[in-house]
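Colleague: Sequence and predicted structure below; questions after.
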Amino acid sequence: MVIATRQTWLGMGRYACQFGAPVLAAALVAPGGTSRSQRWARRAAVASLLLGPPLTAWSTRRRSLDPVRYVLGHLADDVAYGAGAWAGAGRARSTAPVRPVIAWHPFRAPSRAATGDHGGPAVPGWHAKSET
């Protein structure tokens, strides 16, 4: 469950950076909110959306660049991609290129028959014999 939540948050961050960078930037610096803690909570959430995907990519790849330059390059790449997608959507007069596609893949636990689990001991190479 934690992995799915993490992947969803990273995907939302990538999409938000690519297609909603001006909105994220405004949310990061906007003074709104009823209390100081609410403003900091909003800014922390926006910062994690912006910085989560590039820092995750940096940590899983070869680290030939320091994290600051890698994150800046990654963000610039995402913003440039989004700007191109918005420009193309404007030329085509369609929002299809920038609309998110939400795919629902419900979790299905494998059945005992599919995994070969017939209730026997967990010993490698052991197979239950059928009674025929």
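Modeller: That came through, no problem.

Colleague: Low-confidence stretches in this structure?
Modeller: Along the chain, segments meeting pLDDT under 70 span 107, 109-132.

Colleague: now the helices for it?
Modeller: Using DSSP state H, the helices of the chain run over 2-29, 36-60, 67-92, 112-115.

Colleague: Pro100 is nearest to which of the ones you listed?
Modeller: helix 2-29 (5.9 Å; Cβ to Cβ). Just so you know, the C-beta spots here come from the backbone N, C-alpha and C atoms, and that holds for glycine as well.

Colleague: got the angle between that closest one and helix 36-60?
Modeller: Calculated by axes from the mean of the first three to the mean of the last three Cα atoms, to 10 degrees, helix 2-29 forms an angle of 120 degrees with helix 36-60.

Colleague: for helix 2-29, which positions count as buried?
Modeller: 9-10, 13-21, 24, 27 (16 or more other Cβ atoms under 10 Å).

Colleague: Over to stretch 46-56?
Modeller: Val46, Leu49, Leu50, Leu51, Gly52, Pro53, Pro54, Leu55, Thr56.

Colleague: Could you dump the buried residues of helix 2-29 into TSV with distance to Ile3 added?
Modeller: What follows is those, written out as TSV (distance: Cβ to Cβ, whole Å):
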residue	distance to Ile3
Trp9	11
Leu10	11
Gly13	16
Arg14	16
Tyr15	19
Ala16	20
Cys17	21
Gln18	22
Phe19	25
Gly20	25
Ala21	27
Leu24	24
Ala27	27
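
Colleague: Closest one to Pro97 out of those residues, please.
Modeller: Closest to Pro97, out of all of the buried residues of helix 2-29 and judged by Cβ to Cβ, is Phe19, at 9.2 Å.

Colleague: Verify the stated contact: that closest one with Gly84.
Modeller: No: the pair Phe19 / Gly84 is not scored as a contact, 10.8 Å apart, by Cβ atoms under 8 Å.

Colleague: show me what contacts Arg14?
Modeller: Shown here is Arg14, whose contacts under the criterion Cβ atoms under 8 Å, 6 or more residues apart in numbering are Pro53, Asp78.
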